[in-house]
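In: Output the structure for:
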Amino acid sequence: MSEKPQRADWFRQPEKGGGALFELHIHDLDFVYLLCGKPRSVSAAGTRGDFGDWDSVSSLWKWKDKHALIQGDWHHPRSYPFQFGIRIRGSNGSLEYRFRVQGNVEATETAEEELVAVHEGSVESIDCSELRDGYVEEIRYLLDCVEHYKPIGEGNIVQATAVLSLLEDEKISLETGETINIK
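Out: Predicted coordinates for the structure are as follows:
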């Protein structure tokens, strides 16, 4: 979730940047795909922005025994902080991570992070101060693969292609209102 990009209108133009669907929501889809794999079906609902782009998207991915609700939204007023979060419910409890920063997402020195584990009858706050910057770690990982001639095991072209295909399925669902069954 964030404010609309202010640096250039092309981010919000469907034929150029693709709006929040392609510029923001895709990162959430990539993360869910990494955690859970390819779903059996996807459906999505949202609202369009000033340029006809999808600037608010809520999607539902379903597998045989689980589901994920994924939201991407930049339909907020100027100065709305960038926020990311994930909530995972397991058989013995829940885990929730929240990240919030005013302005640019890379302003990590002013970011607020919270990681909470909830078990039956207890809530535990987990210290986030030792967590590494995900953007920096992605770059380090790529450089290590290149420097040591190692194949890229995570975030590879197969995963990127699969996530783009699922994003296109979501776009069809947004436009038609239909649930898309994945082959």
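In: Buried residues of the longest helix seen in the chain, list them for me.
Out: Looking across the chain with DSSP state H, the single longest helix is helix 157-176. Within helix 157-176, the residues scored as buried using 16 or more other C-beta atoms under 10 Å are 159, 162-163, 166-167, 169-171, 173-174. Every C-beta, even on glycine, is put in place using the N, C-alpha and C of the backbone.
In: centroid residue for this protein?
Out: Central residue of the chain (C-alpha atoms, centre = their mean): Asp28, 1.3 Å from the mean position.
In: Which residue, other than its chain neighbours, is closest to that residue?
Out: Distances taken as C-beta to C-beta, 6 or more residues apart in numbering place Ile70 nearest to Asp28, at 5.0 Å, with adjacent residues excluded.
In: doesn't His25 make contact with the one you found?
Out: Yes: the pair Ile70 / His25 is scored as a contact, 7.3 Å apart, by C-beta atoms under 8 Å.
In: These two: which has the busier surroundings?
Out: His25 (27 against 18; other C-beta atoms under 10 Å).
In: what ranges do the helices span in the protein?
Out: Using DSSP H, helices in the chain cover 19-20, 26-36, 134-147, 157-176.
In: can I get the ones you listed in TSV with mean pLDDT and distance to Ser94?
Out: Formatted as TSV, the helices of the chain follow (pLDDT from 0 to 100; distance: least, C-beta to C-beta, whole Å):
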stretch	mean pLDDT	distance to Ser94
helix 19-20	80	27
helix 26-36	90	15
helix 134-147	82	21
helix 157-176	93	25
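In: Domain boundaries for the protein, per the record?
Out: 1-79+161-172, 81-131 (automatic domain parsing).
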